[in-house]
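[1] Just need the structure, nothing else, for what follows:
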Amino acid sequence: MSDDFDLLAELGLDAKPYELKERPEYQVLVLEAGFITSIDTLKAEVIEKIKASPKPTVIRFMSDDYKREEVAVKLREVAAEVGAVVHKVRVIPGKQLPQTLAQFAAADLRNAIELVDVCTSEQIPPDFLDIFKDATVTSMAGQTNLETKVVHQEVGNSNHVTTSTGFASMIKIEGASVEGAAIVTMSEETLLKIMSTVLGAPQTTANEAVTNGVAELVNLVCGRAKGTLNELGYDVKLASLPVTKESPEFSQALAKMQNGQAAKITFQTPEGEFALELRFAPRKTAAA
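    Below you'll find the predicted structure:
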């Protein structure tokens, strides 16, 4: 009996048309096309699985079938029932995201979160932070092969979150309901040590080749984060090339973000600490 069961599992014959993927700050429920035909028997099971976790849930439907009206109706049923029962569903991203957001009268996922009262306009969504943390750790591993971990985090009003000193590089982030920037900052000592690893030779002077390392890191982090954010329905783009804090564009961007939202995440590597700051312009009311 066990051998037969294992064989069926290996062939995928017992597979269900959904998968619940855990993330540190949230979870993703991936629905395949076959879920629609089994919705009446699987709906209760799926809701129970979502209930078992205190994390907010993102639901994604992985099929172009959303274009069929009968499928769209079923998806709206899932959204309504899961949302009503669980009270913590972010939205229903996936290829049908534009239609779903229209039902919320929302420009993008950030608006939708506020409209369903999962997150207020004075908060940075937890998955924003999680996505940028993951992007930073992954980028550092790929670029330097150094183990990188979070050691401290500040979240709050931009005027109350500590600003790092040292070499800094910024990229602006824009979207339908997001205007902000990501900034990587590190001391000269840490920069020289990290770039010695990257360049394969000891670096003793913060020349252009060395300082470009900060710009390259923020570029990698933002590129990775943007891909994940857009997959989850945050309609964002990178609105500038990396600029240093000596650039007028740097100070102009930060001036627009006074009294906005901010987060500072400090990372530890064997070569020293560095910080990633996320800064956002003051929030306006969600788009109608």
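
[2] Touching, residue 213 and residue 197? I think so.
    No: Residue 213 is not in contact with residue 197 according to C-beta atoms under 8 Å; the separation is 10.0 Å. (Glycine included, C-beta is placed from N, CA and C.)

[3] Who has more neighbours out of those two?
    residue 213 (23 against 18; other C-beta atoms under 10 Å).

[4] and the strand or helix carrying the more buried one, what other elements does it pack with?
    Counting by DSSP states H and E, the element that carries residue 213 is helix 208-231. Counting contacts by 3 or more C-beta pairs under 8 Å, 6 or more residues apart in numbering; DSSP states H and E, helix 208-231 packs against helix 126-144, strand 167-175, strand 179-186, helix 188-199, strand 236-238, strand 243-244.

[5] So for residue 221, which of these sits nearest?
    Across the helices and strands packed on helix 208-231, the minimum distance to residue 221, taken as C-beta to C-beta, is reached by helix 126-144, at 4.8 Å.

[6] The closest one vs helix 208-231, what angle?
    Counting by axes from the mean of the first three to the mean of the last three C-alpha atoms, to 10 degrees, helix 126-144 lies at 140 degrees to helix 208-231.

[7] now helix 126-144 against helix 188-199, angle please.
    Going by the same axes, to 10 degrees, helix 126-144 makes 60 degrees with helix 188-199.

[8] So what's the residue count around the residue nearest to residue 34 when sequence neighbours are not counted?
    Excluding the flanking residues, the one nearest residue 34 by C-beta to C-beta, 6 or more residues apart in numbering is residue 17, at 3.6 Å. If you count neighbours by other C-beta under 10 Å, residue 17 ends up with 17.

[9] Please verify my assumption that residue 17 contacts residue 35.
    Yes: using C-beta under 8 Å, residue 17 is in contact with residue 35, at 4.2 Å.

[10] Now list whatever residues contact both of those two.
    Between them, residue 17 and residue 35 have residue 42 as joint contacts when contacts are counted by C-beta atoms under 8 Å, 6 or more residues apart in numbering.

[11] residues in contact with the residue nearest to residue 34?
    31, 32, 33, 34, 35, 38, 42.

[12] Please apply the same query to residue 198.
    Contacts of residue 198 (C-beta under 8 Å, 6+ apart): 143, 144, 213.

[13] of all those, which comes closest to residue 158?
    residue 213 (26.0 Å).

[14] and the gap between the closest one and residue 186?
    9 Å (C-beta to C-beta, to the nearest Å).

[15] same deal with residue 68?
    Distance, residue 68 to residue 186, using C-beta to C-beta: 51 Å.

[16] and those two? which has more neighbours close in?
    Taking neighbours as other C-beta under 10 Å, residue 68 and residue 186 compare with residue 186 leading, 28 against 12.

[17] Tell me what that one is bridged to.
    residue 167, residue 274 (DSSP bridges).

[18] quick one, what contacts it?
    Taking C-beta under 8 Å, 6+ apart, we find residue 186 in contact with 164, 166, 167, 194, 214, 272, 273, 274, 275.

[19] coming back round to it: among the helices and strands packed on helix 208-231, single out whichever gets nearest to residue 159.
    Across the helices and strands packed on helix 208-231 (criterion: C-beta to C-beta), the nearest stretch is strand 179-186, sitting at 15.0 Å.

[20] Alpha carbons of the closest one, in CSV - could you do that?
    C-alpha atoms of strand 179-186 as CSV (Å, rounded to 0.1, in the frame of the first residue of the first chain):
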residue,chain,number,x,y,z
GLU,A,179,7.2,57.3,-4.4
GLY,A,180,10.4,56.6,-2.5
ALA,A,181,14.0,55.6,-2.6
ALA,A,182,16.3,52.8,-1.5
ILE,A,183,19.7,53.8,-0.1
VAL,A,184,22.7,51.6,0.7
THR,A,185,25.2,53.2,3.1
MET,A,186,28.5,51.8,4.5
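
[21] picking that back up, which pLDDT does the model give the residue nearest to residue 34?
    pLDDT recorded at residue 17 is 86.

[22] hang on, the earlier thing: out of the helices and strands packed on helix 208-231, deepest packed?
    Of all the helices and strands packed on helix 208-231, strand 179-186 has the most neighbours on average by mean count of other C-beta atoms under 10 Å, namely a mean of 25.

[23] For the stretch 151-288 of the chain, which residues score under the pLDDT cut-off?
    Within the stretch 151-288 of the chain, the stretches with pLDDT under 70 are 232-233, 283-288.

[24] Do I have it right that residue 50 meets residue 43?
    No: using C-beta under 8 Å, residue 50 makes no contact with residue 43, being 10.9 Å away.
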